[in-house]
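Asker: fold the stuff below for me.
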Amino acid sequence: MPYESSLVRANVPIFGLTYGKNFQEYEVEYGEGREPSDWINIATSTIPQTKKVTPADMDDSTDLTIQGNLTTWDTGLKNYLYLPSHPKDHPINLKGAYTIRLVVTGKDGSTVEDRVTVDVANVIPNAWGGSVKSKDGRVVLTVTEQAIMDSFRLILIEANNDQVDSPSERQVIGNIYEVREPDEQFTKEALLQIAYHKDEISIANQNQLGIYGFNSKTKEWEYIDSKRDENENTVIAKVRKLHSHSLCIDDE
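Answerer: Just a heads-up that it's a prediction; the model follows:
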């Protein structure tokens, strides 16, 4: 199983141990959110898995797609074409928090299970860049080509008002957005856009919108030099790093 709170994308290998004297079968499922009410089957098998897989067992070559010993979970990949497994019309495109459940059933009908919650993120290839959009569509981060520190990066931006307090004495417009991974550095400026609805701001303050980033070291909100695009109803900033922990739109 992936680590708790991992960022994942595309084909996610699922590793685990499933065996026992009365072993009958195992099933791997996933559901949306941290406490799913519905589950979708990924795989069912009557073949026990008894070997613990270690990093030494896997070839980390970029030419090899790693498959899990239990199954491989397809979360989709829409940022770019990855043939042959993810063509342009690939039907799967998950995003956000999902819980993976492994259920092992014995011959007597008894069951045991294990769960882990992960976050399905956007993948940005360094070769040609890409964009990250929040699930509600209001935040878009556009990264140009050759602007990240590795061949690929996973980035997730999601509305989350529970992690940090909003800036004091300021009117927050919309949600506070959690960014993963925080403190990501770019070699070129990336474009951060946060959309607003006109009914969320007063006429008197419509020219005083700005983007703020939360500094997890100082525990303070910092203003990011930004401007308003009245035609698109967005506030725009050029950034060289992602603030930890969150982003928000605020009245100055």
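Asker: in the sheet, who's paired with the nearest residue to residue 44 once chain neighbours are set aside?
Answerer: Sequence neighbours aside, residue 27 is the residue nearest to residue 44 in space, at 4.7 Å (criterion: Cβ to Cβ, 6 or more residues apart in numbering). The C-beta positions use only the backbone N, C-alpha and C, and glycine is treated the same way. Counting by DSSP bridges, residue 27 is bridged to residue 44, residue 103.
Asker: burial check on residue 27, number of neighbours?
Answerer: Neighbour count of residue 27, defined by other Cβ atoms under 10 Å: 20.
Asker: got the contact list for it?
Answerer: 41, 43, 44, 102, 103, 105 (Cβ atoms under 8 Å, 6 or more residues apart in numbering).
Asker: and those residues, which are buried?
Answerer: Among those, those scoring as buried are 102, 103, 105 (criterion: 16 or more other Cβ atoms under 10 Å).
Asker: let me have these in TSV, extended by pLDDT and distance to residue 178.
Answerer: Compiled in TSV, the buried ones among the contacts of residue 27 are given as follows (pLDDT from 0 to 100; distance: Cβ to Cβ, whole Å):
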residue	pLDDT	distance to residue 178
102	97	27
103	97	30
105	97	37
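Asker: okay, those residues in CSV with distance to residue 214 next?
Answerer: Below are the buried ones among the contacts of residue 27 laid out as CSV (distance: Cβ to Cβ, whole Å):
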residue, distance to residue 214
102, 35
103, 39
105, 45
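Asker: and of those, the nearest to residue 160?
Answerer: Using Cβ to Cβ, residue 102 is the member of the buried ones among the contacts of residue 27 that lies nearest residue 160, at 26.9 Å.
Asker: any idea which helix or strand carries the nearest residue to that closest one once chain neighbours are set aside?
Answerer: If the residues on either side of it in the chain are set aside, residue 102 comes closest to residue 114, at 4.8 Å by Cβ to Cβ, 6+ apart. Using DSSP states H and E, residue 114 sits within strand 111-120.
Asker: for residue 128, give its distance to residue 143.
Answerer: 10 Å (Cβ to Cβ, to the nearest Å).
Asker: what about the strands in the stretch 1-150 of the chain?
Answerer: Applying DSSP state E, counting those that start in this stretch to the stretch 1-150 of the chain gives strands spanning 7-8, 11-14, 23-32, 40-45, 71-74, 96-106, 111-120, 122-125, 130-133, 139-143.
Asker: so which of those strands gets nearest residue 154?
Answerer: Comparing the strands of the stretch 1-150 of the chain by Cβ to Cβ, strand 7-8 comes nearest, at 4.2 Å.
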